[in-house]
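**Student:** next one to model:
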Amino acid sequence: MPLWVIIGCYAAIALGTYFGGWRIVKTLGMRLTKLQPVGGFCAETGGGVTIVLLSMLGIPLSTTHTISGAIVGAGSVRRLSAVRWGIARNIVWGWVLTIPCSAIFGVLLEFMLRPILPHPK
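**Tutor:** Residues are numbered from 1 along each chain as shown. I've put the predicted structure just below:
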């Protein structure tokens with residue numbers, strides 16, 4: 001793997017976390033539902049167990065999707081109206097749109113960068 005690819009990936013992940021990570025944490029932790037400490041513990045534990053089990057089975061998963069589902073589950077235990085379903089719907093739309101939008105962005109970058117970056121022979 002060329003060094004520029006590795007550095008570019010590290011930079012993209014770091015910038016994404018720096019500029020958008022706080023919004024995700026704020027939305028999941030404060031806007032989606034209000035969890036009591038026991039609910040937060042259950043959501044984190046349930047999400048962690050799910051991640052470990054599916055990883056052991058070799059099933060790919062998204063940690064963000066997993067913890068979001070666990071938070072919705074823990075929040076809905078009190079009552080279904082405790083979850084702000086409009087925000088949950090927006091999160092799901094974000095998941096659905098992520099793959100095609102990322103694919104389009106990848107294609108555009110490939111066409112823009114192909115003439116100027118070296119390709120292995």
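
**Student:** going forward, measure contacts and count neighbours with C-alpha atoms only.
**Tutor:** Noted.

**Student:** show the average pLDDT along stretch 105-121.
**Tutor:** Here stretch 105-121 scores 85 as its mean pLDDT.

**Student:** repeat for stretch 30-38
**Tutor:** Summarised as a single mean, pLDDT over stretch 30-38 is 88.

**Student:** which residues touch it?
**Tutor:** 29, 71-72, 74-75, 82-85, 87-88 (C-alpha atoms under 8 Å, 6 or more residues apart in numbering).

**Student:** in helices only, show me those residues.
**Tutor:** Cross-referencing those against helices under DSSP state H gives 71-72, 74-75, 85, 87-88.

**Student:** buried among the contacts of stretch 30-38? Need that as a selection in PyMOL.
**Tutor:** Selection of buried members from the contacts of stretch 30-38 for PyMOL, criterion 16 or more other C-alpha atoms under 10 Å:
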select buried, resi 71+72+74+75+82+83+84+88
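
**Student:** what's the farthest-apart pair in the contacts of stretch 30-38?
**Tutor:** Farthest-apart pair in the contacts of stretch 30-38 is Ala74 and Ile87; separation 15.6 Å (C-alpha to C-alpha).

**Student:** in CSV, list the contacts of stretch 30-38 along with distance to Met112.
**Tutor:** Formatted as CSV, the contacts of stretch 30-38 follow (distance: C-alpha to C-alpha, whole Å):
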residue, distance to Met112
Gly29, 38
Ile71, 40
Val72, 40
Ala74, 45
Gly75, 45
Ala82, 46
Val83, 43
Arg84, 41
Trp85, 40
Ile87, 35
Ala88, 35
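
**Student:** alright, that wraps it up for me.
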